[in-house]
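Engineer: below are the sequence and a predicted model for it; my questions follow.
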Amino acid sequence: MDIKRLRYFCTIVEQGQISRAAQVLHMSQPPLSQRLQELENEVGAQLIIRNGGNWQVTKEGEFLYQKAQAVLSHMDALADEVRQVGKSVKGLVRIGVAPPNLPTIQGALPIIHEAYPELRFRIFVSGNPALEEQIRQRLLDFALVFLPIADAHVEVTPLPIQEYMAVYGEGLIPPDTERIGVAELASVPLMLLRREDGGGGYELLKRTFQEQGLRPDIMIDSPDSRIIVSLMERGMSAVALLPASEISSLQLAQYPTRRVDIPGFRIHPVIIRLRDTYIPSHVQVALSQLLVYSGASLL
């Protein structure tokens, strides 16, 4: 199958019109229509329905488009790697990070930079839904997010599971125990992480309160742990439930903490990337180093 025809076909699908695709490809429309017809003859199926002003990609066309994107991604990355043979590891690595994963990336990047000083990084901080969408659109090489994942088209690499810690803010005295449950949390105002898409531990925590006949005093919930950390620093009199990795930060080291002992209430960080997509060598290096730092392994 001719690679150039696949590129033409993908451009047609992305532009929504053959005439517009021809402009993008800097060629006239008749030869482009001919290349599309040749590709349809080669695969033995109609890829795009063309009926006057009506235009629609068929199921066969959608399937070929997805596969062609993977093939073209491999080809582009392979060409880049060939050019890099004999050179040092360098290139741009685009990483998405959900806010509670920031301590991981902040700890890993200085180590990676010291080992590979010619690597460059572009960091996007957002919630799971936005980062999954950026992965789908190939705007990120990989992202550090949390289970559950909505998109079935991503490859998921687990990172070490983290416990939640209860951080006691100004004026609050923690119980004289190492671990606490909902009974101890029912009597204090809470600041909780809550994902934009409703996944994660927030709903589990509320359900556990209800099952025990208790009602939590949720003062603040947010998908961004940085807001909660900032409020703690400013003297908010509340208990923040945060991943253990957040507690190791210097900002929260001064506050008393207790481990939260609630069945299933854990945070499951993962790295996601687009399935069946070639990983350029410099991205693979960064990803491998990040996994080593976090104590995980690339399956």
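Structural biologist: Received the coordinates, thanks. Residues are numbered from 1 along each chain as shown.

Engineer: switch to C-alpha atoms for all contacts and neighbour counts from now on
Structural biologist: OK.

Engineer: doesn't Gln23 make contact with Leu32?
Structural biologist: No: in this structure Leu32 lies outside contact range of Gln23 using Cα atoms under 8 Å: 10.3 Å.

Engineer: so between those two, which is more surrounded?
Structural biologist: Using other Cα atoms under 10 Å as the criterion, Leu32 and Gln23 rank with Leu32 on top: 20 against 12.

Engineer: with adjacent residues omitted, what lies nearest to that one?
Structural biologist: Nearest non-adjacent residue to Leu32, counting by Cα to Cα, 6 or more residues apart in numbering: Ala22, 6.6 Å away.

Engineer: need the CA coordinates for the helix or strand the one you found falls within. PDB is fine.
Structural biologist: Using DSSP states H and E, Ala22 sits in helix 18-24. Extracted C-alpha coordinates of helix 18-24, given in PDB (Å, rounded to 0.1, in the frame of the first residue of the first chain):
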ATOM      1  CA  ILE A  18     -11.300  17.000  -1.400                       C
ATOM      2  CA  SER A  19     -11.000  20.600  -2.600                       C
ATOM      3  CA  ARG A  20      -9.800  21.900   0.700                       C
ATOM      4  CA  ALA A  21      -7.400  18.900   1.100                       C
ATOM      5  CA  ALA A  22      -6.000  19.700  -2.400                       C
ATOM      6  CA  GLN A  23      -5.200  23.200  -1.200                       C
ATOM      7  CA  VAL A  24      -3.400  22.000   1.900                       C
END
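
Engineer: avg pLDDT for that helix?
Structural biologist: Across helix 18-24, the average pLDDT comes to 87.

Engineer: elements contacting it?
Structural biologist: helix 3-15, helix 29-43 (3 or more Cα pairs under 8 Å, 6 or more residues apart in numbering; DSSP states H and E).

Engineer: looking at the ones you listed, which is closest to Ala143?
Structural biologist: Distance to Ala143, taken as Cα to Cα, is lowest for helix 3-15 among these, at 24.5 Å.

Engineer: other residues contacting the closest one?
Structural biologist: For helix 3-15, contacts defined as Cα atoms under 8 Å, 6 or more residues apart in numbering pick out 18, 20-21, 25, 32, 35-36, 39, 57, 65, 68-69, 72.
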